[in-house]
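A.B. asks: please find the sequence and the predicted model below.
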Amino acid sequence: MKLRLSLVGVTILFLLSGCMTQSLHPLHAANVVVGNPRYISPAGVSATHPRVAIDSKGRVHVVWIDGRRRFQTNRAGRVQEHRRRELYHIMCSEDSWTNDQRLAETGELGKIKSLAIDADSTGGLHIVWRFEERGGNGVMHGMLTGASWGKPFRLGGGWANEQSIVAGKKGTLHVVWEDNSEWHFVPLVLGPEPYTKTRYRKFDGQSWGAVEELNRRGRSNYQYPVIGVDTAGDLHLIYVQTQSSSDFVGRGSLVYRRWTKHGWSGARKLGRAEMSEDNLDLTVDANGHVHVMWMDALKSDDAPTHIYRRLWDGKRWSKATELSREADEAWYVSVASDTKGNTYYVWGGEGGVFCKRWNGAMWSQVVKVIAEGGAYDIDVGTDDAGNVHLVWVIGGRVQYQRIESLPPAREKSD
């Protein structure tokens, strides 16, 4: 343990490597940052897409994809090296990590695109991922109940990418993904291009419903969907809309839609966003407020990319607020809310990994979690004790870190 303590106006830091989801210190109400980054994946496997979730029992779950070396004997009797992208899971309970467990084989090295995770109110853990099948890609759902994984269930096919999952009340699940299995001819690119649409499927607690298409047919593309759910059961969806998947600008419109018992709302443009995975995220807090976080160079096309946020408080949308005020470029965003009304915005960039808390009325100071640049595939989760759990990839390995609390709020509402 590494301790830096000052009683007069300076941040108090406790640096540990555990994952405990209980308050670790009587100074929990003070500004305490916890966690020496801990490697939780082996070296030399080119890990990607780590995702973190905390279940109702306080256990921390991390999943990721890597390509480990395996050897097999061919028909000629020769031993050949075999690498495939495989899905792994690791869990931390009472400050003790399990060994990583292989869950599924996902495809040839380098061809896996996305992975999503969430935990439900009964202690179950749900993962959706892309898998390769003949003639395209499919979407698979896997569930952990107790200590065992159930048989994966195929949610859809076509050319699937970029999944998002959220667990609602009474065992419901909501999954969205993009599918570009439809094609059209675009003269400017001298050939056909895929239409990218958003697919949705719901689990009602007993069975999966039919696959729905959420976008009208047309020449727009709808990419990188992220879904959230509030306590009333209403759904909140964001995605990036472009006119062509060969958009050389690399940006599109950030769009929001809401589902209520009356159906889906029309599309609302929130801003402009970079066309890339892990560059936009959404969460719904305990008050039903929607937090949207994304990356773009809003000031000019030549400006460095920065991180922005908009909040829907149930009545109106706030203006876009820039969170990353450092001069370096920023990217890889993730946002999560806890049960105490706090929302944590996390991003990475050339200057390190950063975290900032919104408590419903004011902002905390920005905390630099690590000063080392090069972290990517960042994800954040929270537990009922107010701890923040972070994962990212650096040097091809997954790192985990826990933050117990952040500096007190100092900045007023935007």
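C.D. replies: Right, received. Where do you want to start? Numbers count the residues shown, from 1 in each chain.
A.B. asks: what helix or strand does residue 292 sit in?
C.D. replies: Secondary structure from DSSP states H and E places residue 292 in strand 290-296.
A.B. asks: export that strand as PDB, just CAs?
C.D. replies: What follows is strand 290-296 as a C-alpha-only set of coordinates in PDB (Å, rounded to 0.1, in the frame of the first residue of the first chain):
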ATOM      1  CA  VAL A 290     -29.600  10.400 -19.500                       C
ATOM      2  CA  HIS A 291     -25.900  11.000 -19.700                       C
ATOM      3  CA  VAL A 292     -24.300  11.000 -23.200                       C
ATOM      4  CA  MET A 293     -20.600  11.200 -23.700                       C
ATOM      5  CA  TRP A 294     -18.700  11.300 -27.000                       C
ATOM      6  CA  MET A 295     -15.500  12.300 -28.800                       C
ATOM      7  CA  ASP A 296     -15.100  14.900 -31.600                       C
END
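A.B. asks: and the strands in the stretch 301-414 of the chain?
C.D. replies: 306-312, 321-322, 330-337, 343-349, 352-358, 363-364, 367-370, 376-382, 388-394, 397-403, 409-411 (DSSP state E, counting those that start in this stretch).
A.B. asks: out of the ones you listed, which gets nearest to residue 126?
C.D. replies: Among the strands of the stretch 301-414 of the chain, strand 376-382 comes nearest to residue 126, with 13.5 Å by Cβ to Cβ. Any C-beta I mention is one placed from the backbone N, CA and C, and that applies to glycine too.
A.B. asks: helices or strands next to the helix or strand containing residue 84 in the packing?
C.D. replies: Here residue 84, judged by DSSP H and E, is contained in strand 79-93. Counting contacts by 3 or more Cβ pairs under 8 Å, 6 or more residues apart in numbering; DSSP states H and E, strand 79-93 packs against strand 60-66, strand 69-73, strand 101-108, strand 125-133.
A.B. asks: 7 Å - rerun?
C.D. replies: Using 3 or more Cβ pairs under 7 Å, 6 or more residues apart in numbering; DSSP states H and E, the elements in contact with strand 79-93 are strand 60-66, strand 69-73, strand 101-108.
A.B. asks: list the strands paired with the helix or strand following that strand, with their directions.
C.D. replies: Toward the C-terminal end, the helix or strand that comes next after strand 79-93 (DSSP H and E) is strand 96-97. With DSSP bridges as the test, strand 96-97 is paired with strand 79-93 (antiparallel).
A.B. asks: you'd agree residue 313 is up against residue 291?
C.D. replies: No - with contact defined as Cβ atoms under 7 Å, residue 313 does not count as touching residue 291 (10.2 Å).
A.B. asks: these two: which has the busier surroundings?
C.D. replies: Using other Cβ atoms under 10 Å, the more surrounded residue of residue 313 and residue 291 is residue 291, with 23 against 12.
A.B. asks: pLDDT at that one, what is it?
C.D. replies: We have a pLDDT of 98 for residue 291.
A.B. asks: what's opposite it in the beta bridge?
C.D. replies: Assigned bridge partners for residue 291, using DSSP bridges, are residue 283, residue 311.
A.B. asks: OK, contacts around it?
C.D. replies: 282, 283, 285, 309, 311, 335, 337, 343 (Cβ atoms under 7 Å, 6 or more residues apart in numbering).
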